[in-house]
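**Q** Following is a predicted model, sequence given first.
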Amino acid sequence: MKLYFCFLLVSTIVFGQQTQFVDFKTAHASLEINPVKRNVIGQMAYTFEVKNPVDTIRIDAQKMVFSEVKINNKVVKFKESKKQLLLFEGFNKGENTVTFTYEAFPTQTLYFVNWDFTKEIDSPEEVQGQIWTQGQGKYTSNWLPSFDDVNEKVVFSLNITFQKSFEVISNGLLLKKVNLGDHISWQYAMQKPMSSYLIMLAIGHFQKLKQTATSEIPLEFYYEKEDSNRVEPTYRDSRKVFDFLEQEIGVPYPWGIYRQIPVRDFLYAGMENTTSTLFSRDFVVDSIGYHDRNYLNVNAHELAHQWFGDMVTAQSGKDHWLQEGFATYYALLAEREVFGNDYFYNKLYNTSKQIYEASKTDTIPILNEKASSLSFYQKGAWALQVLREGLGREKFNLAVKNYLKKYAYQNVTTDNFLAEIKLVSDFDTNSFRKRWLESATFPEEEVTALLQKNDFLNHYVQLRDKPLDLVKDKETVIKIMQSDAYFPIKELLLYQAMPKPFEAKEFLLKLALESKDINVRQAVAATLTEIPESFRTQYETLLNDASYETQEMALFNLWRQFSEQQQKYIVISKNWVGFQDKNLKLLHLFLAFQTTHYPKEQAKIYLELLSYTGTNYDSTLQQHALEKLLNLEIYTEDVLRSLVYGMGNHRWQLVKFSKDNIRILIKNQKYRDIFIKIRGDLPIREKTQLQRLLDE
C-alpha cells in the first residue's frame, strides 16, 4: 500500500511539472461510441509546443489501447501504461503534432444508462437509453486521452458519430451535422482553451427550447418528450438569471453559447461543463414540484461556474473555494433577484448556523485541499459576502471584473484574487485571509453584523430566543399569523408549539391552515403527527396542496392514524405520481398493499412495486421501491435479485443501500440460500460483488 502511494505521488509530481516543458494547444477527436459494447473508438490529434527539452511526454489515458501513433506525421514508438500514453521520440522544440487511434472501455466517467442489451439494437427510436459524462476533477481520461492536470488548458473539438435518432451534445458551437445513413456525425468545436475535466458528452432522445439572452448569447434548454409539461417550471427564470449574472459579474459570458441538459441518474445535482451544464433529471419538475424542488439554485450555481472554474480555474485543490465559493455566492445573489431580500437573508442565516455547528469539530480551513464541501461552498460564499460588505458593492465588483479579465482562460490562486482587491482599495486582505481562509473558526461578529441588517431576520431571532407562551402571547401569535410576515417566522411558531397539547395550539394550527402560503401549511403536516378526530377534516385539506412533499406527509399521517378512513385515502391517492422518483405513487402502493385484504390485489401491487426496481429506472426510484418492498417484509427471489443488481449501479447511494441490506439478509440462512441460488446466472460484476458479501 505504501509503495503504491509513493508511485502515485511521484507520477503526480512528474506530470504536474510537464506544463513547464510542454504546452498542449489544440485537440481534435473523432469518436464512435457503442452502447452495446460500452466502448469508445477514437482518432485523435493534438498540437503541442515543446518549450524546454523533455525526455517523455505524457497524455493521461486510463486502460486504453493505442495504435497508429504518429508524431509530425511519422510513426513513432510509444509506451502505454494503464494510466498514460508515453511519448519519447519524434518531437522537436517548438510546434509538434501527435495523432493516434485508441479504444477505451470506461468503467467510470462515461456512463451508459438504460442500455441493458445483449445484442445490437433493431429500433433505436424505441430506446430510452442515455450516455453522459461526469469528469469532475480528473476523470475525463477514462474515455478521452487528455490531462488530469487542470493547469493544462486546450482548445478542444469533438466529432461524435452515433445513431441518427439520438441527439448528441458536446462542448462549444455545433459546426455541422453530417448524415452517414443510419448514423450522424455531430461536429462541435470550442474557440477558447479549457481544462480537460470540463469536456462533456450527452446522448439521448432530447428536445430543446431555444431562447436568447439580452447579450444575444443563444440559450438552449433540453428536455425529454415526456417532460414537455415540465419545461416552463424547470427552466423558469433561467433567462433572467443569465442576464442578471452577466450584469452583476460585469464580464460578458465567455463561451458563445449556453446549454442545460437534464440526464437520468446523474451523480450530482449539476456539473458546469464548459458551455453545456448537465444536471439531474430530479430537478425536472412540474408547476407543483417547483414549490418543493426547483432547479433555480443549481441553475445559477452551474452558470456562475462558466466564469469561476471554467474561464478562470484554480491551480490546485487548496484554492478550490475560488470556484465553489464564488459559484455559491453568485447563485444566492441570483436567487435574491428572483425570490427577494428576505429569502436571501434567511438562506444566509441557515448556512451560517450550519457552518457554525460544523466549525466545532471541523478544524480544516478553506485554504486546504482537504477542506469540507461546506467550507469550500458555503463558508467560501460567506467570506465573499463579508468581503463585499467591507469593500462596498462597487469596489468589490470592480476587483472581480479585473480579476476575470486579467486571468481569463488561465489558472489562478487566492493570492491572484486578493491582489486585485488591494489594487482597488486599502482593505486589509491579510487580516481577511487569516480570519476567513486560514482559520477553521467562523467569525461570528462579522456574520451577526451582516445579518442584523435585515428586519425579518431580526424579528425571527427575537422570536427564536424567546420561549413561546401560547396563552400570554396569543394576541401576538394571531397578529403574526395573519400578517404578511415572511413564512419562516410562522413556521417557527408552529415548531415551537409542537410539544404543546393540541388544545393549547389549536387556534395556531387553524390560522396556519387558513394561510395561502404552502410553506406554512406544510409546517402543519410536519409538526402535527397526532391528529384529533375533531381536526381531521381540516387536516385533510393538506391532501389538496400544490406540494408533493406536503401531500406525502399528510397522506401517511392520515392513513396511519385513522384506520376506518384508510380506504378513502387509498382512493384519493390512486392517481398520484409526484416527483420523478414517483414518491406519491410508491407511498400509495405501499399503503394500498397493507389496506387491502385480497391476495390478488396484493399480488398486483407487489408486481408494480417490483417493476420499479428494474435497472431501466433511475436509481432513486429503484431504491425507494426496494425500500417499500423491504418495509413490507417481502423477500422474494425477485426482490433479492433486484438488490444484487443494485450493487452494480454507478451511484454509490444505491450500491450502499443494496450492500447494507444484503449483509443483513444473508445472516438468515433462508435468504442466504436464495442469494446463493441466484448467484449462478448473474452478470460477472454483480456475481463478484455478491460473492464478496457471502465470503465476509
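**A** Now that the structure is in, tell me what you want to look at. Numbers count the residues shown, from 1 in each chain.

**Q** wait, residue 384 sits on residue 325?
**A** Yes: with contact defined as C-beta atoms under 8 Å, residue 384 reaches residue 325; the gap is 6.0 Å. For every residue, glycine as well, the C-beta is placed using N, CA and C.

**Q** Looking at these two now, which is surrounded by more residues?
**A** When residue 384 and residue 325 are compared for neighbours, residue 325 comes out ahead with 26 against 22, by other C-beta atoms under 10 Å.

**Q** For the residue lying closest to the more buried one once chain neighbours are set aside, give me its contacts.
**A** Leaving aside its chain neighbours, residue 325 sits nearest to residue 380 (2.1 Å; criterion: C-beta to C-beta, 6 or more residues apart in numbering). With contacts defined as C-beta atoms under 8 Å, 6 or more residues apart in numbering, residue 380 is in contact with 321, 324, 325, 326, 328, 329, 366.

**Q** Please, which helix or strand holds residue 380?
**A** Assigned by DSSP states H and E, residue 380 belongs to helix 380-391.

**Q** gap between that helix and the chain center?
**A** Centre-to-centre, helix 380-391 and its host chain are 25 Å apart (C-alpha atoms, centre = their mean, to the nearest Å).

**Q** so after it, what's the next helix or strand?
**A** Assigned by DSSP H and E, the successor of helix 380-391 is helix 393-406.

**Q** quick one on the thing from earlier: kindly calculate the angle that the helix holding residue 380 makes with helix 393-406.
**A** Taking axes from the mean of the first three to the mean of the last three C-alpha atoms, to 10 degrees, one finds helix 380-391 and helix 393-406 inclined to each other by 120 degrees.

**Q** just to revisit the earlier point, out of the contacts of residue 380, which are inside helices?
**A** Secondary structure from DSSP state H places 321, 324, 325, 326, 328, 329 of those in helices.

**Q** Tabulate these (CSV), appending pLDDT and distance to residue 308.
**A** Below are those laid out as CSV (pLDDT from 0 to 100; distance: C-beta to C-beta, whole Å):
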residue, pLDDT, distance to residue 308
321, 98, 10
324, 98, 9
325, 98, 8
326, 98, 4
328, 98, 10
329, 98, 9
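
**Q** Of those residues, which is the nearest to residue 299?
**A** residue 328 (13.1 Å; C-beta to C-beta).

**Q** List the residues that contact the closest residue to that closest one other than its chain neighbours.
**A** With sequence-adjacent residues excluded and distances taken as C-beta to C-beta, 6+ apart, residue 328 is closest to residue 381, at 3.8 Å. For residue 381, the contact set (C-beta under 8 Å, 6+ apart) comprises 325, 326, 328, 329, 332, 351.

**Q** Which parts of the stretch 151-300 of the chain are helices?
**A** 231-234, 238-249, 290-293, 296-305 (DSSP state H, counting those that start in this stretch).

**Q** Quick one: mean pLDDT over the first one.
**A** Here helix 231-234 scores 98 as its mean pLDDT.

**Q** Return the distance of that helix from the chain's centre.
**A** Distance of helix 231-234 from its chain centroid, counting by C-alpha atoms, centre = their mean, is 18 Å.

**Q** in that helix, what's buried?
**A** 231, 233, 234 (16 or more other C-beta atoms under 10 Å).

**Q** what sits up against that helix?
**A** Applying C-beta under 8 Å, 6+ apart, the contact partners of helix 231-234 are 209, 221, 223, 227, 262, 283-287, 289-290, 294-295.

**Q** ok, now the longest one?
**A** Surrounding helix 238-249, the residues in contact under the criterion C-beta under 8 Å, 6+ apart are 211, 213-215, 217, 219, 221, 252-253, 258, 260, 296, 299-300, 303-304, 307, 330, 333-334, 337-338, 397, 400-401, 404.

**Q** try 7 Å
**A** With C-beta atoms under 7 Å, 6 or more residues apart in numbering as the test, helix 238-249 has contacts from 211, 213-215, 219, 221, 252-253, 258, 296, 299-300, 303-304, 307, 330, 333-334, 337-338, 400.

**Q** returning to that earlier point: narrow the contacts of helix 231-234 to those in strands?
**A** Counting by DSSP state E, these place 209, 221, 223, 262 in strands.

**Q** now, which of those residues sits nearest residue 36?
**A** For the ones in strands among the contacts of helix 231-234, the nearest to residue 36 is residue 262 (24.5 Å; C-beta to C-beta).
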